[in-house]
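>>> Task: produce atomic coordinates for the following.
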Amino acid sequence: MSAMSNFQSLSKLVTRLRDDLKGGNQDLILLYAFNRTGKTRLSMEFKDAGKRKSRRNPQGIADTLYFNAFTEDLFTWDNDLEGDIARHIRLNSDSIFFNGLKDLALDEAIAGYLDRYADFDFDIDYREWKVSFRKNNAENIKISRGEQNIFIWCLFLAICERLLDGHVSYQPFKYLYIDDPISSLDDNNAIAVACDLAALLRRVASRTNATGASAPIKVVFSSHHALFFNVLCNEIGRPKEGEPKVTHKRYFLHRSNETGVYTLRATEDTPYFHHVATLAELRRAADPKIGKLYTFHFNALRSIMEKTASFFGHTDISFCLKALNNEKDRALYNRALNLLSHGKYAIHEPTEMGSDNRDLFRRILSDFLSTFQFALPELPQSPRATRAAPAPAIASLVESVVTS
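From the prediction side, this is the model:
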């Protein structure tokens with residue numbers, strides 16, 4: 001496994017990312033991190049670092065155009081509570097995000113992107129700074145949260161087009177920071193957005209100025225969405241004929257709940273590394289000395305087992321269970337995973353497991369880890385999982401399961 005770097009604060013982590021993009025000659029940084037790691041705060045620290053007054057930037061001119069949860073907050077609904085007929089979104093015109101929006105008249109560019117993902121239309125009132133939506137013959141409709149997010153994303157992409165063109169309103173920006181652009185989107189749209197974003201990032205990396213000299217925009221992208229992250233990694237990493245190569249680094253970002261220390265681990269060859277990181281988190285939660293087990297951990301374990309089975313070309317977790325030597329344990333684990341991983345267990349209102357379920361979870365996890373011998377990352381070190389058993393070599397294991 002590759003070495004980790006530790007950072008005591010977000011500002012030190014930002015310095016590392018900016019060094020990668022400048023001194024490291026990278027076009028793009030891809031960050032995968034779980035929810036509640038601090039991705040949004042990281043994006044704002046990156047943005048703030050770019051507008052602090054310094055010898056190189058005496059006027060404190062912002063150098064980063066960003067998309068994150070704060071961007072989405074620039075769009076607020078007016079639901080016309082009195083008349084209930086003239087619903088629209090208001091734009092916060094005080095934000096530099098909208099610099100040049102009125103002059104550029106981005107409607108056509110926004111619509112060009114929006115047509116790929118949605119079937120509603122929009123009208124921007126530049127005098128009142130508001131957007132209304134229509135579909136078929138219905139006017140002033142209330143669109144869903146997912147539709148709203150995709151509209152905002154398409155507006156951002158249209159602005160990026162002007163950034164690529166070197167428009168004066170966005171000329172100072174040297175960096176793009178994009179954090180989780182697909183909240184509330186289904187998987188089909190997530191894949192489509194990832195593919196389109198990869199195409200845009202290739203253009204950003206190969207950008208030239210008016211004289212034809214190289215003038216790339218450097219990019220940081222962060223997400224907790226596994227499917228989106230992997231599609232983007234694959235699209236960026238796969239050479240495409242006639243298109244420029246994007247030099248990039250992939251990292252898994254983790255923050256310790258105990259110390260608050262951020263760890264950054266390069267994962268260039270393993271875009272699925274975060275699945276292994278999830279297992280490390282489960283092992284830590286299962287540690288009776290330092291961890292706590294909640295009911296939703298069964299859901300997470302089953303998900304990892306399904307992904308493991310899928311990796312080996314199988315359709316369900318029975319593949320993983322067949323690898324266990326004890327037939328009684330196989331039947332017990334199967335019942336437990338089917339029964340205990342289908343409840344509506346909320347992460348935001350967690351319920352601790354009872355003692356019997358804790359013991360059972362630890363047994364399943366321990367057997368799974370010892371059987372498949374994952375090389376787990378060094379998050380905060382935990383003692384070895386309980387009930388560890390000698391494990392066969394993975395090649396022999398796979399052969400025995402596939403042929404059984």
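>>> low pLDDT regions in the stretch 101-250 of the chain?
Flagging of the stretch 101-250 of the chain using pLDDT under 70 yields the residue ranges 183-188.
>>> show me where it has helices.
With DSSP state H, counting those that start in this stretch as the criterion, the stretch 101-250 of the chain has helices at 101-104, 107-114, 145-165, 187-205, 226-237.
>>> looking at those helices, which is closest to residue 307?
helix 226-237 (8.7 Å; C-beta to C-beta). Where C-beta positions appear, they are placed from N, C-alpha and C, glycine not excepted.
>>> quick one, the closest one and helix 187-205 angle?
With axes from the mean of the first three to the mean of the last three C-alpha atoms, to 10 degrees defining the directions, helix 226-237 sits at 30 degrees from helix 187-205.
>>> Tell me the buried residues in helix 226-237?
226, 228-233, 235-237 (16 or more other C-beta atoms under 10 Å).
>>> Tabulate those residues (TSV), appending distance to residue 362.
Compiled in TSV, the buried residues of helix 226-237 are given as follows (distance: C-beta to C-beta, whole Å):
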residue	distance to residue 362
226	25
228	32
229	29
230	29
231	34
232	35
233	33
235	39
236	39
237	37
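>>> circling back to that earlier point, any chance of the helices of the stretch 101-250 of the chain in CSV, plus distance to residue 135?
Formatted as CSV, those follow (distance: least, C-beta to C-beta, whole Å):
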stretch, distance to residue 135
helix 101-104, 23
helix 107-114, 12
helix 145-165, 10
helix 187-205, 17
helix 226-237, 26
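>>> Pick out whichever of the buried residues of helix 226-237 sits closest to residue 312.
Lowest distance from residue 312 to those (C-beta to C-beta) belongs to residue 230, with 17.2 Å.
>>> sorry, back to before: of all the buried residues of helix 226-237, which comes closest to residue 191?
Using C-beta to C-beta, residue 231 comes nearest to residue 191 of the buried residues of helix 226-237, at 5.5 Å.
>>> any idea what sits nearest that closest one, other than its immediate chain neighbours?
Closest residue in space to residue 231, ignoring its immediate chain neighbours: residue 194 at 3.9 Å, by C-beta to C-beta, 6 or more residues apart in numbering.
>>> And the next helix or strand past the helix or strand hosting residue 329?
With secondary structure defined by DSSP states H and E, residue 329 is part of helix 327-340. Counting by DSSP H and E, the next helix or strand C-terminal to helix 327-340 is helix 355-372.
>>> now that next one and helix 327-340, what's the angle there?
Going by the same axes, to 10 degrees, helix 355-372 is angled at 120 degrees with respect to helix 327-340.
>>> mean confidence for helix 355-372?
Averaged across helix 355-372, pLDDT comes to 85.
>>> Dump the C-alpha coordinates for it into PDB.
What follows is helix 355-372, C-alpha atoms only, in PDB (Å, rounded to 0.1, in the frame of the first residue of the first chain):
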ATOM      1  CA  SER A 355     -24.800  -7.400  22.600                       C
ATOM      2  CA  ASP A 356     -25.900 -10.500  20.700                       C
ATOM      3  CA  ASN A 357     -25.800  -8.700  17.300                       C
ATOM      4  CA  ARG A 358     -22.400  -7.100  18.200                       C
ATOM      5  CA  ASP A 359     -20.900 -10.500  18.800                       C
ATOM      6  CA  LEU A 360     -22.400 -11.900  15.600                       C
ATOM      7  CA  PHE A 361     -21.200  -8.900  13.500                       C
ATOM      8  CA  ARG A 362     -17.700  -9.300  14.800                       C
ATOM      9  CA  ARG A 363     -17.700 -12.900  13.900                       C
ATOM     10  CA  ILE A 364     -18.900 -12.300  10.400                       C
ATOM     11  CA  LEU A 365     -16.500  -9.400   9.800                       C
ATOM     12  CA  SER A 366     -13.500 -11.400  11.300                       C
ATOM     13  CA  ASP A 367     -14.200 -14.400   9.100                       C
ATOM     14  CA  PHE A 368     -14.700 -12.300   6.000                       C
ATOM     15  CA  LEU A 369     -11.500 -10.300   6.600                       C
ATOM     16  CA  SER A 370      -9.400 -13.400   7.400                       C
ATOM     17  CA  THR A 371     -10.800 -15.300   4.500                       C
ATOM     18  CA  PHE A 372     -10.200 -12.700   1.800                       C
END
